[in-house]
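Chemist: Sequence and predicted structure below; questions after.
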Protein chains: 2
Amino acid sequence: MSTTWDRLLPRLREIEDLASAVRLLHWDQAVMMPPAGAASRASAIATLQGLLHERHTAPEVGDLLDELADDDTLDDDQRAHVRVFRRDYEKATKVPPELVKELAELEGLAYQAWTEARPAWDFGILKPHLERMLELKKEQADALGWEGERYDALLDTYEPDMTTAEVEAMFAALGDGLRPLVHDVIDSAPHLPEFLTRTYDAGKQEAFSQWLVQKLGFDTDAGRLDTSPHPFTAHIAGGDVRQTTKADPRDLMMSIFATIHETGHALYEQGIPDRLIGLPASRPASLGLHESQSRMWENQVGRSRAFTEFMLPHLKEQFPDELGMLTPEGFYRGANHPRRTLIRVTADELTYNLHVALRFEIELALFRDELAVADLPDAWDAGMEKHIGIRPENHADGVLQDMHWSIGALGYFPTYTLGNLYAAAFFAKARADLPDLDEDLRNGDGSALLAWLREKVHVHAYLRPAKEIGEEIIGGPLTAEPFLDYVEKKFTTLYD
Amino acid sequence: MSTTWDRLLPRLREIEDLASAVRLLHWDQAVMMPPAGAASRASAIATLQGLLHERHTAPEVGDLLDELADDDTLDDDQRAHVRVFRRDYEKATKVPPELVKELAELEGLAYQAWTEARPAWDFGILKPHLERMLELKKEQADALGWEGERYDALLDTYEPDMTTAEVEAMFAALGDGLRPLVHDVIDSAPHLPEFLTRTYDAGKQEAFSQWLVQKLGFDTDAGRLDTSPHPFTAHIAGGDVRQTTKADPRDLMMSIFATIHETGHALYEQGIPDRLIGLPASRPASLGLHESQSRMWENQVGRSRAFTEFMLPHLKEQFPDELGMLTPEGFYRGANHPRRTLIRVTADELTYNLHVALRFEIELALFRDELAVADLPDAWDAGMEKHIGIRPENHADGVLQDMHWSIGALGYFPTYTLGNLYAAAFFAKARADLPDLDEDLRNGDGSALLAWLREKVHVHAYLRPAKEIGEEIIGGPLTAEPFLDYVEKKFTTLYD
């Protein structure tokens, strides 16, 4: 038993309690809070985050971490907790407080500017804020430190240990494989199926989602499903994982697949071993790994022939008039209908990663000083032409569509694609290990797959680095291959 | 401008932000949290409350308060904030930390014992905890200090400035007036109306409540209505006041009048002037005053001939089959049906205060060492016989029915009756000031009454003591007279 660890433990517990309060304040803000509560909520969140930062960066914490670095009485879990907590501590202490403060203020201002710029189709409103943002993010990267290139420092905050060079190579292979495929598939795709143009009662969509999440193994004694304008999943605290979906009458597919997507995130959070809960290594190992879970359930499972076949009769119970005549083939094709679209969040599985590739290329060019913020709109439109083959008619559907850059989330976009690549690679392995998987999914039974993911991914939480967890499953480094194999097979046979 | 005030202000803001997070954690626990989140939630609440206590009792706060006591640059609001904050500070610092801790632990244990004792009808399970509770509450009272008698110290925590002697005199007059009236009215009351024995869809009850709170002036842009097993109202933060109701299919009246009751609390909280929000004197001045608002809306308004007449056609829209044939007279009488009942929370307006009188007498006897905890069950049964005229057949319906004593809420019960007395006294004045009030309520329009309450009560928040606010409205000290006049007139003409 380490006495130093015993001195650290109450601090870790206090940090977790404060952090869980912040997470609840955020969840409630997005899901429950009445609009007039916005200002007081912002103040409460800022105060608690200030306390949390104070607790994270206290000099005593640094001393304890130094002592624990040489403490050979720690067990494996404790060593992992110390490793993760030291990582957090260093990221929190390396950046000067003035820069942290200026970034926080700029994020508020730039986000506000973005909310005005988008409906006005006016990049000029956002431009000065983005210019300052880029300067500050570069300063932040330099403060955090990097080896290969600056962008590494930001990428590492979302996807620990993954380098820009590695990601760039994956995107290159991915884009080369995808672009010709996209053109082949979409050029021969039929018109949008008629059932995707109808409206569907929001209350019935919600009822279907409530049924579906339980069917997929989400434990509602230890979580909730609600609705919010932007679906998300939040681990509030031990025994309390919350997900949201949306129910837009004009978009039945959005509701179903947002629900399955968030359930993938939520199952990961609910799969973290109890003994780790509340301690630093209890969190998922990276955003890419987190996204691999949501994407696999959404796409490899949810959009499969087998699972769409399972869902259709249950959907027809809710919507007998709207879907009564729809065939399993028709539903499967509709759930995967490929389109050239300007908007990332509604893009299909085939084109989605090209939307991300565009953003990654632009971020890299900005960070490598090869592109000025003033030239961003032109670079965007040219990139859309290159990757997707269409050009936006206005900036709202173009460079202004995402809020990420306005809140300083640079280095974040690539994790969406890493998630897709991991998902395809993992699913190929799961298929090999679980010969009955297709039959299971046809019966709506994801329990064997969930058990597989629990054992291969969830149980490790952040006890080991994400890359190590991924490589052990894949049997080598992550590449674009399994994803390219998967989409090629799926989309070239979609209309067979 | 006071510079000392400027040094206090950031501390007040931080305390408010922490306190609002604690209130949200509690609200969410009661309304939203999945069951498995209980343990981590308890930990988060304890940690934040610990921080809050630390902030409240910091020595620097004492120094600032001492400086501000002589600061003649403060304006009226600031003086009130300092007065209220000093009151909190003194209550928080006078009780030794070990006693605070032991009380908190005992409350958890005793509440747990109560949850076991009640279904087992076994007072013995709770008895040792209550004995210890009584000892600790006496120690707490002595630490807080008192002049007349010990019970004053506890009463003052809920109803500032009100003395035991004053409350005892009011209860004596009230009981003497009520008991003969109860016997006369109930002995001649008819059987329970048939519509009160039916079941009513919970979803439709909720829909009616959502409509009703808005009709009563509750601002849903600055608040929410949800359901929970025990209805309550919580001021989360500025612009965010939340109330709950329940919807039990077997008890339509409970749903309607819990909703109106909580709306009374919520309208008070929403009526606090914006400039005070987040500062110490922004809270309602006492629990009795708070309860006066809920009781007035529930009883003087909600159970009036005029307002029941307004509600009935709207209720019939939700329940055409169940209520189609009900007359306004029948609904009015059903909403006020007097009964001898063992349970306080379902008691009618006529007998409710006798339930409270019993509890107040027992608390006083315990505090005056005239009654031992071991003799509580007998004292309870005898008191029920004296006040209500019936005896419980088991302790679940008797001495074990309320959880209050198990959580150390001694000195709290009388505020329910103070609320009823204030409500009747205020309503008599409002009637005199607002000649069209009855006609307004018959049209479902409470806006003139709400404006009157805003001006007479809400606008003062805790800028002035509750007693002063009350006396200014009543034109003298609070007595049982207006309440006795009100119930005598109402119940002797109920069946005319």
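Modeler: Now that the structure is in, tell me what you want to look at. Numbering: from 1, shown residues only, chains lettered A, B, ... in the order given.

Chemist: sec struct for the closest residue to A:Ala202 other than its chain neighbours, please.
Modeler: Counting by Cβ to Cβ, 6 or more residues apart in numbering or on different chains, A:Ala202 lies nearest to A:Ala247, which is 4.0 Å off, once chain neighbours are set aside. C-beta coordinates here come from the backbone N, C-alpha and C atoms, glycine included. Under DSSP: H, G, I helix; E, B strand; the rest coil, the three-state class of A:Ala247 is coil.

Chemist: Quick one: residues contacting A:Ala247.
Modeler: A:202-203, A:205-206, A:209, A:227, A:255 (Cβ atoms under 8 Å, 6 or more residues apart in numbering or on different chains).

Chemist: In helices, which of those residues fall?
Modeler: For the contacts of A:Ala247, the ones inside helices are A:202-203, A:205-206, A:209, A:255, with DSSP state H as the criterion.

Chemist: which among these end up buried?
Modeler: A:205-206, A:209, A:255 (16 or more other Cβ atoms under 10 Å in any protein chain shown).

Chemist: Which members of those residues define the maximum pairwise distance?
Modeler: A:Glu206 and A:Ser255 (7.9 Å; Cβ to Cβ).

Chemist: Can you check which residues contact both of these two?
Modeler: Shared contacts of A:Glu206 and A:Ser255, defined by Cβ under 8 Å, 6+ apart, are found at A:245, A:247.

Chemist: residues in the stretch 251-400 of chain A within reach of chain B, list them.
Modeler: Contact residues, the stretch 251-400 of chain A versus chain B (Cβ under 8 Å from any Cβ of the partner chain): A:277-278.

Chemist: cutoff 10 Å now
Modeler: Contact residues (Cβ under 10 Å from any Cβ of the partner chain) of the stretch 251-400 of chain A with chain B: A:270, A:277-278.

Chemist: residues in contact with the residue lying closest to A:Glu149 once chain neighbours are set aside?
Modeler: Leaving aside its sequence neighbours, A:Glu149 sits nearest to A:Thr164 (Cβ to Cβ, 6+ apart; 5.6 Å). If you count contacts by Cβ atoms under 10 Å, 6 or more residues apart in numbering or on different chains, A:Thr164 has them with A:146, A:148-156, A:360, A:363-364, A:367-368, A:411, A:414.

Chemist: One more pass at 8 Å, please.
Modeler: A:Thr164 neighbours (Cβ under 8 Å, 6+ apart): A:148-149, A:151-152, A:155, A:364.

Chemist: From the residues you listed, list the buried ones, please.
Modeler: Buried among the contacts of A:Thr164 by 16+ other Cβ under 10 Å: A:149, A:151-152, A:155, A:364.

Chemist: quick check, nearest of those to chain B?
Modeler: Chain B lies nearest to A:Leu155 out of the buried ones among the contacts of A:Thr164, by Cβ to the nearest Cβ, at 31.6 Å.

Chemist: So which of the residues of the stretch 251-400 of chain A next to chain B sit within helices?
Modeler: Filtering those for helices - DSSP H - leaves A:Gln270.

Chemist: Let's have the residues of the stretch 251-400 of chain A next to chain B in TSV, adding pLDDT and neighbour count.
Modeler: Output for these, formatted as TSV (pLDDT from 0 to 100; neighbours: other Cβ atoms under 10 Å in any protein chain shown):
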residue	pLDDT	neighbour count
A:Gln270	98	21
A:Ile277	94	16
A:Gly278	93	19
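
Chemist: what residues does the host helix or strand of A:Ser40 touch?
Modeler: Assessed by DSSP states H and E, A:Ser40 sits inside helix A:38-57. Identification of contacts with helix A:38-57 by Cβ under 8 Å, 6+ apart yields A:11, A:14-15, A:18-19, A:21-22, A:25-26, A:28-29, A:33, A:61, A:88-89, A:92-93, A:100, B:13-14, B:17-18, B:20-21, B:24, B:51, B:236-240, B:277-278.

Chemist: now stretch A:331-338
Modeler: A:182, A:185-186, A:189, A:192-193, A:195-196, A:253, A:256-257, A:302-303, A:305, A:308-309, A:311-312, A:315, A:323, A:326, A:348-351, A:490-491, A:494-495.

Chemist: and A:Pro482, how many residues sit next to it?
Modeler: 19 (other Cβ atoms under 10 Å in any protein chain shown).

Chemist: could you say what helices and strands the helix or strand harbouring it packs with?
Modeler: According to DSSP H and E, A:Pro482 maps onto helix A:481-492. If contacts are counted by 3 or more Cβ pairs under 8 Å, 6 or more residues apart in numbering or on different chains; DSSP states H and E, helix A:481-492 sits against helix A:164-187, helix A:414-433.

Chemist: Okay, buried residues for that helix please.
Modeler: Applying 16+ other Cβ under 10 Å to helix A:481-492 flags A:481-484, A:486-488, A:490-491 as buried.
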